[in-house]
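Student: Predicted model follows, preceded by the sequence.
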Amino acid sequence: MKKSFATVAVLASLATTAFTATAMADVPQAVKARQGQFNIMALNLGILGGMAKGQVEYDAEAAQAAADALVAVSMINQAPMWPAGTDNMSIEGTRALPAMWDNVEDAMGNWAAFGEAAKAMQAAAGMGKDKIGPNMGKLGGSCKGCHDTYRAPK
């Protein structure tokens, strides 16, 4: 079960990445990179969220792997992924609002908060289902800090 779950997760990630790369051929590489990063985050948050909600059976190994992936993503240098002129008013294919570039320090503070929340999840994920829920709230709050201010609605 554990290996098949991990295989499905990897295949889903690859399929999403391949579809995104094809559909967004004209989008700058920096935007593709940051959106790929967010896809990886969403996949792993989904795994943990499913376990926290009881929609997916808790699996300590899978929970730990998802939390480890979130920490790894949180360590990616953000500067190259946010060049000026890659907001939704300048190009198509992104939901990043121009306000992001007016408040880079705030946005990167939110990114740092995500990293801290990811580390807390990493420390707790393998310790039981009851440890995931409270940490999901911290992760969600760190994501919300950017989404509410710097991301356009669909």
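Tutor: That came in fine, so what should we check first?
Student: Name the residue closest to the centre of the chain, please.
Tutor: In the chain, the residue lying closest to the centroid (CA atoms, centre = their mean) is M41, at 2.3 Å.
Student: Name the residues that touch the host helix or strand of that residue?
Tutor: If you go by DSSP states H and E, M41 is part of helix 29-53. Applying CB atoms under 8 Å, 6 or more residues apart in numbering, the external contacts of helix 29-53 come out as 9, 12-13, 16-17, 20-21, 24, 27, 56-59, 62-63, 66-67, 69-70, 73, 76, 78, 80-83, 86, 91, 93-94, 96, 121, 125, 129, 132-133, 135-136, 139, 143. Every residue, glycine included, has its C-beta placed from N, CA and C.
Student: gap between T94 and A117?
Tutor: Going from T94 to A117 by CB to CB, to the nearest Å gives 24 Å.
Student: If you could redo that for W82, that was the one I meant.
Tutor: Separation of W82 from A117 (CB to CB) stands at 20 Å.
Student: what residues are up against the residue nearest to N44 when sequence neighbours are not counted?
Tutor: Counting by CB to CB, 6 or more residues apart in numbering, N44 lies nearest to A66, which is 4.1 Å off, once chain neighbours are set aside. Going by CB under 8 Å, 6+ apart, A66 touches N44, L45, I47, L48, A125.
Student: Using JSON lines, lay out these together with neighbour count, distance to Q35 and pLDDT.
Tutor: Listed next are those as JSON lines, based on neighbours: other CB atoms under 10 Å; distance: CB to CB, whole Å; pLDDT from 0 to 100:
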{"residue": "N44", "neighbour count": "26", "distance to Q35": "15", "pLDDT": "98"}
{"residue": "L45", "neighbour count": "22", "distance to Q35": "15", "pLDDT": "98"}
{"residue": "I47", "neighbour count": "24", "distance to Q35": "19", "pLDDT": "97"}
{"residue": "L48", "neighbour count": "23", "distance to Q35": "20", "pLDDT": "98"}
{"residue": "A125", "neighbour count": "27", "distance to Q35": "25", "pLDDT": "97"}
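Student: And the residues you listed, which two are furthest apart?
Tutor: Across the contacts of A66, no pair lies farther apart than L45 and A125, at 11.7 Å, counting by CB to CB.
Student: Could you tell me what pLDDT the model assigned to the residue nearest to N44?
Tutor: On the pLDDT scale, A66 is placed at 98.
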